[in-house]
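Asker: The following comprises the amino acid sequence and a computationally predicted model.
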Amino acid sequence: MNTDGKIIDEQQEQIQAKISRDHLISKENPFAKLQADNQYYFSEKTGFNPDDQSGTSKSNMSGSHISDFYSIPKLSKVEADAIMREISQDLDQIQTPSKLVESLDKYIVSQAKPKKIIAQAIRNKYRMRMISGELRESMRPSNILVHGRSGSGKTEIFRKIAKLYNAPFISVEATRYTEVGYHGEDITNIIVDLYKKIEYHILKLILGYNTKDKDRFLQKQMQYRNGELDNYQCFILVPGDKNNIQQFTFIKVQDIRKYMYEVYTDELFQLIDLDQYIRTEIEQKGIVFIDELDKLVKSVSLNLAGQFKIQPESSATTKASDEGVQYDLLPILDGTTVQVNPRAGAFEKVKPTDLAIELQGRMPIKAKMETLTKDDFVKILKETEHNLLIQAIELLKIERVNLVFSDDAIEQMAQLSVELNQEDDIGARRLRTVVDAVLEDINFEAPDFEQKDAFILITKDYVEEKVKTQFQNRDFRNYTM
Ligand SMILES: Nc1ncnc2c1ncn2[C@@H]1O[C@H](COP(=O)(O)OP(=O)(O)OP(=O)(O)O)[C@@H](O)[C@H]1O
């Protein structure tokens with residue numbers, strides 16, 4: 001279900017433990033099934049795609065009508081509510097800052113200080129959730145400005161955290177909002193984007209097998225947006241147990257939505273209006289990652305007349321005012337926890353203090369990423385979970401080829417990455433280009449190897465030779481991942 005499974009699995013296990021402890025009808029987490037189209041279990045025969053104006057589209061969902069299944073003791077509304085509450089509390093309590101850092105350590109090398117700062121800030125956000133009333137309203141979100149070299153793990157840290165917390169995660173490039181059509185009032189689309197998919201799935205759930213009826217869909221959509229369906233109870237089928245007995249329960253729309261807000265980190269479909277409820281949800285749980293913020297900073301250059309002339313840092317042809325966009329971002333920073341990720345050369349040419357004062361003020365927490373060293377590169381290759389070498393080994397096992405890397409080969413890959421980065425620093429992304437270069441021939445030829453299950457030792461010399469050849473033949477400098 002989730003390829004970055006480990007941390008999610010831990011969380012699922014806790015939820016499942018909770019569910020079985022509470023004598024729920026299944027050991028599986030029924031709500032986890034909401035995460036992927038083809039894992040839905042509810043009454044539906046056909047799908048309706050609101051983007052398709054012809055109304056003829058069919059989704060690839062193949063649910064079954066509720067009456068196709070027989071019912072087993074169902075949860076009462078009160079029980080379902082209680083479970084939903086407990087689940088969301090569990091989600092809040094799963095990771096203390098120290099545990100979060102521990103989890104991150106499995107995937108992200110070095111960066112001890114930023115990890116600590118970020119983990120603490122994230123925890124604070126969850127503490128704030130537990131406080132209500134005026135005191136809560138007077139608290140400002142602790143937005144974080146993360147800056148540092150390209151490919152040092154900025155995005156990676158937040159991706160992992162979002163997965164860990166099952167929080168909605170959206171990454172946007174600030175410069176996108178300097179493009180025509182995305183400027184000004186449209187800036188709120190950053191947040192709105194999160195919700196289009198959720199609305200669509202909930203409506204499918206509500207409409208059951210009758211989703212082909214476009215008028216009915218639109219009518220329900222309106223009711224949904226007006227909050228009229230919040231207390232509507234949906235059937236959720238719980239996947240079969242060992243004996244393949246299907247079971248179902250009732251859950252309120254508002255609870256499903258709430259849960260889905262928490263679990264969705266996926267691609268997004270159509271836009272819906274931003275309402276207060278959504279705003280509140282994103283305030284509490286969402287992670288919005290604003291990339292390329294430094295590109296909004298103008299550089300100041302002296303023109304011939306000796307006067308100061310302001311130029312957009314990224315492109316002189318940018319249509320909308322970059323400074324304007326900085327101000328447009330303010331309400332978002334007020335309303336949400338935002339991780340700001342300055343990109344390549346991030347705040348190297350310009351400093352965080354070059355941002356509009358108001359913007360700086362809303363990002364009180366600063367975390368500076370360390371520049372990764374050769375030793376860090378070695379650790380990334382050797383010690384992180386699901387690392388590039390493990391991936392390569394597993395892929396080649398499919399072809400009945402066993403790859404083995406000698407220690408000095410790994411050292412050499414790290415060393416060459418550092419050297420190639422001197423030309424153009426893409427940080428740990430470089431490792432990917434180097435590993436690909438080393439394995440290019442083997443990957444190509446593996447299916448044709450006559451001897452099956454042979455072991456191939458990758459040595460330092462082999463690494464050297466392959467990378468040097470590749471580097472001479474190709475321009476690595478423009479590599480991006
Ligand atoms: N500290 C790290 N530990 C492990 N892997 C890392 C680390 N830093 C980067 N990587 C690897 O490099 C890739 C690129 O890193 P990431 O996307 O986090 O870069 P970034 O710091 O956000 O850079 P940019 O500013 O260019 O967006 C990641 O997918 C990850 O595989």
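Answerer: Thanks, I have the structure now.
Asker: got a list of what the residue nearest to Ile206 when sequence neighbours are not counted touches?
Answerer: For Ile206, ignoring the flanking residues on the chain, the nearest one in space by CB to CB, 6 or more residues apart in numbering is Lys220 at 5.7 Å. Backbone N, C-alpha and C define where each C-beta goes, glycine included. The contact partners of Lys220, by CB atoms under 8 Å, 6 or more residues apart in numbering, come to Leu203, Ile206, Leu207, Leu229.
Asker: Of those, which is the nearest to Lys452?
Answerer: Nearest to Lys452 among the contacts of Lys220 is Leu203, at 51.7 Å by CB to CB.
Asker: Which positions in the strand or helix carrying Val404 come out as buried?
Answerer: Using DSSP states H and E, Val404 maps to strand 401-405. For strand 401-405, a neighbour-count test (16 or more other CB atoms under 10 Å) marks Val401, Leu403, Phe405 as buried.
Asker: now what about the helix or strand just after it, what contacts it?
Answerer: As assigned by DSSP H and E, the chain's next helix or strand after strand 401-405 is helix 407-423. Applying CB under 8 Å, 6+ apart, the contact partners of helix 407-423 are 373-375, 377-378, 381-382, 389, 427-428, 430-431, 433-435, 438, 458-460, 462-464, 467, 471, 476-477.
Asker: one more time with 6 Å, if that's ok
Answerer: For helix 407-423, contacts defined as CB atoms under 6 Å, 6 or more residues apart in numbering pick out 374, 377-378, 381-382, 430-431, 434, 458-460, 463, 467, 476-477.
Asker: tell me the phi and psi of whichever residue of the stretch 301-450 of the chain sits closest to the ligand?
Answerer: Taking CB to the nearest ligand atom as the measure, the stretch 301-450 of the chain has Ala428 as its residue closest to the ligand, at 3.4 Å. Note on Ala428: backbone dihedrals following degrees, to the nearest 10 are phi -70, psi -10.
Asker: From what I see, it and Ser152 are in contact.
Answerer: No. Counting by CB atoms under 6 Å, Ser152 is not a contact partner of Ala428; they are 7.1 Å apart.
Asker: Please enumerate the shared neighbours of the two.
Answerer: Here Ala428 and Ser152 have Leu372 as joint contacts, going by CB under 6 Å, 6+ apart.
Asker: returning to that earlier point: present the buried residues of strand 401-405 as JSON lines; the columns should include pLDDT.
Answerer: Output for the buried residues of strand 401-405, formatted as JSON lines (pLDDT from 0 to 100):
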{"residue": "Val401", "pLDDT": "93"}
{"residue": "Leu403", "pLDDT": "94"}
{"residue": "Phe405", "pLDDT": "95"}
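Asker: quick one: which of those residues is nearest Tyr224?
Answerer: Leu403 (51.8 Å).
Asker: Kindly export stretch 377-394 (C-alpha atoms) in CSV.
Answerer: Extracted C-alpha coordinates of stretch 377-394, given in CSV (Å, rounded to 0.1, in the frame of the first residue of the first chain):
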residue,chain,number,x,y,z
PHE,A,377,27.7,9.7,1.3
VAL,A,378,29.2,6.4,2.4
LYS,A,379,26.7,6.2,5.2
ILE,A,380,23.8,7.0,2.8
LEU,A,381,25.0,4.1,0.6
LYS,A,382,25.6,1.7,3.4
GLU,A,383,23.4,2.4,6.3
THR,A,384,20.1,4.0,5.3
GLU,A,385,17.1,1.8,4.9
HIS,A,386,16.1,0.9,1.4
ASN,A,387,19.2,2.6,0.1
LEU,A,388,20.3,2.7,-3.5
LEU,A,389,22.6,-0.3,-3.3
ILE,A,390,19.9,-2.4,-1.7
GLN,A,391,17.5,-1.4,-4.4
ALA,A,392,20.0,-2.3,-7.1
ILE,A,393,20.8,-5.6,-5.5
GLU,A,394,17.1,-6.5,-5.2
